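Chemist: need coordinates for the following:
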Amino acid sequence: MQFSSNAARNLQRGPLARLIVPDHPGEAANDNGEEPVSEAMLEASLRHFAAHGLGAARAARLQAEFAFFAGDRTAYHWWLGICRLLDKRMAMIAAREFEANPPGKIG
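Modeler: From the prediction side, this is the model:
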C-alpha cells in the first residue's frame, strides 16, 4: 500500500489549511483608524500614560471636564483628544455628557 506524501510534506498548504489560513494577512484591527493623530498628540498621550498608568484616560477626562466648564475650548479639545487615544469609549461618553450640560445651563 502506498500513501501520498503531498499532504504530509506540506501540511501548512493542504486543503484544510487553505480554507482556514488566508494567503495574505488582513487589515489591522484598530478602533482609532478613522481619525488622523498628530505626532504632538501621540507623544503627549504616551507621556500622560507614563505618568498616570492605567488611570491615564480617567485623568485626561477630568482635565477635559475642567477645561470644558472653565470655557477653555482649546484645552478641552486637547485633553479630550488624549482621552480618546487612551480610551475611545470613555471620551465619547464624556463629550456627550459635557455637551448635554454646557457651562451656564441651569436644570
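Chemist: what residues are up against R73?
Modeler: A67 (C-beta atoms under 8 Å, 6 or more residues apart in numbering). Where you see a C-beta, it was placed from the backbone N, CA and C, and this is true even at glycine.
Chemist: next one: it from R47, what distance?
Modeler: Using C-beta to C-beta, to the nearest Å, R73 is found at 22 Å from R47.
Chemist: swap in F68?
Modeler: 22 Å.
Chemist: more neighbours, the two?
Modeler: Taking other C-beta atoms under 10 Å, F68 and R47 do not tie; F68 has more neighbours (23 against 12).
Chemist: report pLDDT for that one.
Modeler: For F68, the pLDDT comes out at 93.
Chemist: over to C83?
Modeler: For C83, pLDDT reads 96.
Chemist: same question, V37
Modeler: 82.
Chemist: again with R18
Modeler: pLDDT, R18: 65.
Chemist: buried ones in the host helix or strand of E99?
Modeler: Using DSSP states H and E, E99 sits within helix 88-100. Neighbour counts using 16 or more other C-beta atoms under 10 Å place M90, A91, A94, A95, F98 of helix 88-100 among the buried residues.
Chemist: now the strands for this protein?
Modeler: With strands called from DSSP state E, the chain shows none.
Chemist: show me where this protein has helices.
Modeler: Assigned by DSSP state H, the chain shows helices spanning 6-9, 15-20, 39-52, 56-70, 73-86, 88-100.
Chemist: name the helices or strands packed onto the longest one?
Modeler: Identification of packing neighbours for helix 56-70 by 3 or more C-beta pairs under 8 Å, 6 or more residues apart in numbering; DSSP states H and E yields helix 39-52, helix 73-86, helix 88-100.
Chemist: okay if I get those as JSON lines plus distance to R61?
Modeler: Shown next, in JSON lines, are the helices and strands packed on helix 56-70 (distance: least, C-beta to C-beta, whole Å):
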{"stretch": "helix 39-52", "distance to R61": "11"}
{"stretch": "helix 73-86", "distance to R61": "5"}
{"stretch": "helix 88-100", "distance to R61": "5"}
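Chemist: closest to R58 out of those helices?
Modeler: Smallest distance to R58 across these (C-beta to C-beta): 7.3 Å, for helix 88-100.
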